[in-house]
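Asks: Build me a structure from this.
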Amino acid sequence: MAGIGRHWRRIVSSGLCGPVAGTLVSLLLLYHVSTAQAVGVPPGAYGPLSWPLFALILLAAGMGLLCAFRARELLRRGSAPFDADRQPAPGTARVVLAIGLIALYGAAFVYAGFLFATLAFLAAWLAFTHYRRPLALTLVSVLGTLAPLYLLTKVVHMPLPRGVGVLELATIQLYQWLRLF
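Replies: Below you'll find the model as predicted:
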C-alpha cells in the first residue's frame, strides 16, 4: 500500500470497503431479481425467484448494517494512530472460500436444479467445515435436501428449477419416484 496516500490507506484498511462492495453488489442483484419475471409465474406470486429475493433483501440489510457499524468505528477513531499495514485475520481465506462456495451453489442452482445443487452444496459445505463422518454427511445432505424439497413442492407449491439436460431428466425421474408429481 505504499503508493496510496495516508487518507485512502486508512479507508482501504479500515474494513469498510468489503461491506460497501457487498452492499452494492447485493443491491444490484436485488434490482435484477426483482425486475426479472419467472416463466409461468404471475406477477406478485411466489415462485422460484421468491427465495433469492428474500435472501438478497436480508443480505443487503445485513451488509448495510455492517457498513454503518464499521463507519461509526472509523469515525470514533478519528485522528488516533492506525496500523494500515496490519495483516488480514487468519480466517480470511476460509471466509473467501465459503463465499465462493455459496456463490457456486447459486450459479449451479439454475443448471443443476434445486435437488442436485442443494445435495452437492450441503455435502461440500459439511466437508468444508471439517465434518467428514460419511454416514452423518450423507444423512444430513439427503435429509437436508428432501425436507425443503417436500416443503416447497408439496406445501407451498413453489416451482423449483429442475436443471438442464440430463439433470432435468434425472430430477423429473426422482420427483416421480418421490411422488412429488
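Asks: So which residues of the chain form helices?
Replies: Taking DSSP state H, the helices of the chain run over residues 6-12, 17-35, 50-77, 92-128, 134-150, 166-177.
Asks: With mean neighbour count, mean pLDDT and distance to M158 added, can I get the ones you listed in TSV?
Replies: Using the backbone N, CA and C atoms, a C-beta is placed for each residue, glycine as well. Output for these, formatted as TSV (neighbours: other CB atoms under 10 Å; pLDDT from 0 to 100; distance: least, CB to CB, whole Å):
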stretch	mean neighbour count	mean pLDDT	distance to M158
helix 6-12	13	63	42
helix 17-35	15	80	15
helix 50-77	14	80	7
helix 92-128	16	87	10
helix 134-150	14	92	10
helix 166-177	14	93	13
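Asks: Pop the domain breakdown of the chain in here.
Replies: 1-86, 89-181 (automatic domain parsing).
Asks: re the thing from before, how about CSV for the helices of the chain, with distance to P159 added?
Replies: Formatted as CSV, the helices of the chain follow (distance: least, CB to CB, whole Å):
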stretch, distance to P159
helix 6-12, 44
helix 17-35, 16
helix 50-77, 10
helix 92-128, 10
helix 134-150, 12
helix 166-177, 11
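Asks: and P161, what is it in contact with?
Replies: 48, 109-110, 113-114 (CB atoms under 8 Å, 6 or more residues apart in numbering).
Asks: Now do the contacts for the residue lying closest to R70 once chain neighbours are set aside.
Replies: In space, and not counting its chain neighbours, R70 is closest to L16: 4.6 Å by CB to CB, 6 or more residues apart in numbering. By CB under 8 Å, 6+ apart, the contact list for L16 reads 67, 70-71, 74.
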